[in-house]
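**Student:** Sharing a model that was predicted from the sequence below.
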Amino acid sequence: MTDAQPGLAPDEPDPDAEPAFELEVDGEVFEIVYSSTRGSSYAWLSGPNAGYGFGASGPKPASLDDHRAAIRNFLEQIDPETGLIEPD
């Protein structure tokens, strides 16, 4: 698994996107959308920075546990003081 990359979701709607759903992981809430053209998009709803989250390309995660693993990987990279992934 590669490290999560921060970013903002695209503004334009994706006609291939499945309905969004929310998932709580370790007390943090994420909105998840999967699209066959864009992969998985994770918006960090409970985070300190509006619009912050990450995306993951590739096939649709097979289970909620796969989503949880991706989110935990992202959260492990977050600087607790800024709420952002800091460059190395």
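**Tutor:** Yep, it's here.

**Student:** Does residue 40 fall in a helix, a strand, or a coil region?
**Tutor:** Following DSSP: H, G, I helix; E, B strand; the rest coil, residue 40 is assigned to strand.

**Student:** Excluding residues flanking it in the chain, which one is nearest it?
**Tutor:** Closest residue to residue 40 apart from its sequence neighbours, by Cβ to Cβ, 6 or more residues apart in numbering: residue 56 at 4.6 Å. For every residue, glycine as well, the C-beta is placed using N, CA and C.

**Student:** Ramachandran coordinates for the one you found?
**Tutor:** Dihedral pair for residue 56: phi -140, psi 130, per degrees, to the nearest 10.

**Student:** That one reaches residue 70, doesn't it?
**Tutor:** Yes. Applying Cβ atoms under 8 Å, one finds residue 56 in contact with residue 70, separated by 5.6 Å.

**Student:** mind checking the end-to-end distance for stretch 26-46?
**Tutor:** Using Cα to Cα, to the nearest Å, the end-to-end distance of stretch 26-46 comes to 11 Å.

**Student:** And it, what's buried?
**Tutor:** 28, 30, 32, 33, 34, 38, 40, 41, 42, 43, 44 (16 or more other Cβ atoms under 10 Å).

**Student:** any idea of the mean pLDDT in it?
**Tutor:** The predicted model assigns stretch 26-46 a mean pLDDT of 95.
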